[in-house]
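# Sharing a model prediction with you, sequence too.
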Amino acid sequence: MVSVGRMPRISLWVVAYVLCSSLQIFRGSVGDTAVFLSGTSLILASTTVLEKYEFPSRRIVAKNQLEWAGLVLLISLAFTPRHSAFTFGLFVLLLPIVISLAWGEKAFPKVNLNKRDRNTRLMWSAWAIAMCLWEFAANILGQLSTDPNNFPTISVLVDPLLKNELGQAGFVAVWLSVGYGLLKSGAK
Amino acid sequence: MTTHQLTIAGYLALLCVGFVLWFATRSGQGKHVTSLSAMFEHLLRYRGTRLGLIIFWWWLGWHFLVTVVHYS
């Protein structure tokens, strides 16, 4: 059975970002709160007041620029110290570029979703929600506990692996691959 | 079992479930479900999904490479 998939005019990502913003407020992290609140506003605007604005990024993403940019970022981020002014500058520069590339054309294209597609979306959504709930619980219980290590979050578990060059380079390679995949698939 | 070990066990269990789901559906030929990559191709047609995922991806890099993670 095939039906025309209809997304709500306000993306569910807005809800997810509001929840993440709340968690960051609870953590007392001003920077992360600013990122998630700005993200919430941008996603909300992108599908409402800015819905008609388009940024056709397909041609840019289709050429080799993305591969070259990825290579430059890999070299720049894998072998430079973390938490430096250089890394900060690079990320500040990167954000508007990836947002522009992901913006694309139509906000709500008509997509035919069959039952298999809907089942798959439900299955992976359930998995992602379970992972988020576990992470949120660890975060909240860690804040309330005398020692946050009693309930380690993903950050607390992954960060020590990035303290050596190989771990940092591996993380950067995986992280860039995911971003590359998102931009490439999103431009199709 | 301490709460530290229990928390890690929960993450590992969820990762295993994710791996099994991906492995079992990777061909996309299943009767009831399609593959993860096919699902992403559908969902990434929506601007809200594209922006939600790309901003979260950027934040992950920012979180681990720019800001300092506090352990205690």
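All right, it came through fine.
# alpha carbons only for contacts and neighbour counts from here, please
Noted.
# Would the one helix or strand A:Leu44 maps to count as contacting chain B?
Using DSSP states H and E, A:Leu44 falls within helix A:30-46. Yes - applying C-alpha under 8 Å from any C-alpha of the partner chain, one finds helix A:30-46 touching chain B at A:35, A:39, A:43-44, A:46.
# What about those, which one has the most neighbours?
A:Ile43 (26 neighbours; other C-alpha atoms under 10 Å in any protein chain shown).
# Could you measure from the closest residue to that residue other than its chain neighbours over to B:His63?
Nearest residue to A:Ile43 in three dimensions, chain neighbours excluded: B:Gly48, at 5.7 Å (C-alpha to C-alpha, 6 or more residues apart in numbering or on different chains). Per C-alpha to C-alpha, to the nearest Å, B:Gly48 is found 22 Å from B:His63.
# So those two - more neighbours on which side?
Between B:Gly48 and B:His63, counted using other C-alpha under 10 Å, the more crowded position is B:Gly48 (28 against 17).
# can you tell me the helix or strand for that one?
Going by DSSP H and E, B:Gly48 is part of helix B:47-61.
# what's the closest of the residues of helix A:30-46 next to chain B to chain B?
Checking these against chain B with C-alpha to the nearest C-alpha, the nearest one is A:Ile43 at 5.7 Å.
# what about the helix or strand where B:Ser37 lies, average pLDDT?
Taking DSSP H and E as the criterion, B:Ser37 maps to helix B:36-43. Taken as a whole, helix B:36-43 has a mean pLDDT of 88.
# Please identify the buried residues of it?
In terms of neighbour count (16 or more other C-alpha atoms under 10 Å in any protein chain shown), helix B:36-43 has its buried residues at B:36, B:39-43.
# Quick check: A:Ala16 is in a helix.
Yes - under DSSP: H, G, I helix; E, B strand; the rest coil, A:Ala16 sits within a helix.
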